[in-house]
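Colleague: Model the structure of this input:
(one chain, ligands or ions: 3)
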Amino acid sequence: MGLNLDGMVVPKHVALILDGNGRWAKKRGLPRTMGHKEGCATVEKTVETAARLGIEYLTVYGFSTENWNRSADEVGALMQLFRYYMVRLLKVAKANNVRVKMIGDRTRFDKDIIEGINKLERETADNTGLTFVIAVNYGGRDEITRAVKRLAADCASGRLDPETVTEGTVASYLDTAGIPDPDLLIRTSGELRLSNYLLWQVAYTEFYITDCLWPDFNEDELKQAIIAYNKRDRRFGGVK
Ligand code: IPE
Ligand code: IPE
Ligand code: MG
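Modeller: Ligands and ions are numbered 1, 2, ... in the order given. This is a model prediction of the structure:
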């Protein structure tokens with residue numbers, strides 16, 4: 001599309017909070033589910049675009065630990081969409097050399113969804129292009145809590161000496177172990193909050209908020225975020 005990224009640094013890891021599906025549908029007098037359906041199509045397109053632009057990691061917030069509190073109808077519809085798009089995603093991933101990884105507590109999902117997630121990861125594990133990380137039943141606090149539980153158990157069993165625990169040790173117990181921290185976080189629909197996303201990992205991430213509603217997000221929107229990122233003066237405690 002239109003915008004040109006020549007000479008720009010493409011962030012290695014882009015994290016996305018896709019928000020605004022409901023508002024997109026409301027604006028059109030449609031049920032919220034239609035917004036989610038359109039939003040899934042946008043995720044698919046964004047994966048292809050990110051792979052083409054040379055982004056190495058794309059982490060997308062698909063369903064939070066708090067999203068279970070929505071109406072049973074909406075949660076049910078989201079699960080059905082998830083089932084459908086997992087199958088499509090496998091095709092997209094294979095066609096674009098994309099490796100898929102899920103973060104979050106998958107144990108709460110129905111058995112067939114867990115199997116679908118495992119299959120997606122297994123069948124794309126050897127792909128060498130973009131790593132597409134999907135955060136589902138994900139909450140930063142839940143992730144840290146689960147990590148602390150395992151870390152404490154390892155200390156109790158003598159496998160880990162508490163005196164040797166470093167930030168790196170903590171990071172290695174998180175769902176994102178082995179994945180570099182995000183360079184750029186994009187949130188659509190204008191909300192200025194993290195909503196429990198990647199609390200540990202975004203310590204030094206650059207934030208970009210757009211009013212664009214998620215189903216309207218496209219290649220030019222992503223490029224605009226990258227252009228804005230290139231104008232930032234990144235510092236890590238005053239040091240570049
Ligand atoms: C984001 O869109 C999708 C999910 C959180 C599952 P929303 O459903 O939050 O849409 P808004 O924020 O109500 O517009
Ligand atoms: C954040 O969006 C979660 C996901 C995008 C999956 P929400 O719409 O759930 O967040 P809040 O409630 O506006 O903070
Ligand atoms: Mg929302």
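Colleague: SS state for the residue nearest to the spatial centre of the chain?
Modeller: Closest residue to the average C-alpha location of the chain: Val60 at 2.1 Å, with CA atoms, centre = their mean. Applying DSSP: H, G, I helix; E, B strand; the rest coil to Val60 yields a three-state assignment of strand.
Colleague: Now the nearest residue to it once chain neighbours are set aside: which helix or strand?
Modeller: Spatial nearest neighbour of Val60, excluding adjacent residues (CB to CB, 6 or more residues apart in numbering): Leu16 at 4.8 Å. Glycine gets a C-beta too; all of them are placed from N, C-alpha and C. Assigned by DSSP states H and E, Leu16 belongs to strand 13-17.
Colleague: Test my guess that Lys12 contacts Tyr57.
Modeller: Yes. Judged on CB atoms under 8 Å, Lys12 makes contact with Tyr57 at a distance of 6.5 Å.
Colleague: How many residues are close by Val43?
Modeller: 22 (other CB atoms under 10 Å).
Colleague: From Gly140, how far off is it?
Modeller: 20 Å (CB to CB, to the nearest Å).
Colleague: And for Val202?
Modeller: Taking CB to CB, one finds Val202 at 9 Å from Gly140.
Colleague: Could I get the phi/psi values of Ile103?
Modeller: Geometry field for Ile103 lists phi and psi as phi -120, psi 160, criterion degrees, to the nearest 10.
Colleague: To which secondary structure element type does the nearest residue to it once chain neighbours are set aside belong?
Modeller: With sequence-adjacent residues excluded and distances taken as CB to CB, 6+ apart, Ile103 is closest to Asp175, at 3.8 Å. With three-state DSSP as the basis, Asp175 sits in coil.
Colleague: Can you list the neighbours in contact with stretch 92-107?
Modeller: Residues from elsewhere that reach stretch 92-107 (CB atoms under 8 Å, 6 or more residues apart in numbering): 44, 47-48, 51, 59, 63, 65, 89-90, 113-114, 117, 120-121, 123-139, 142-143, 146, 175-176, 179.
Colleague: tell me which parts of this structure are close to ligand 1?
Modeller: 18-23, 63, 67, 78, 189 (CB under 6 Å from any ligand atom).
Colleague: and those residues, which of them are in strands?
Modeller: Among the residues of the chain next to ligand 1, the ones falling in strands (DSSP state E) are Phe63.
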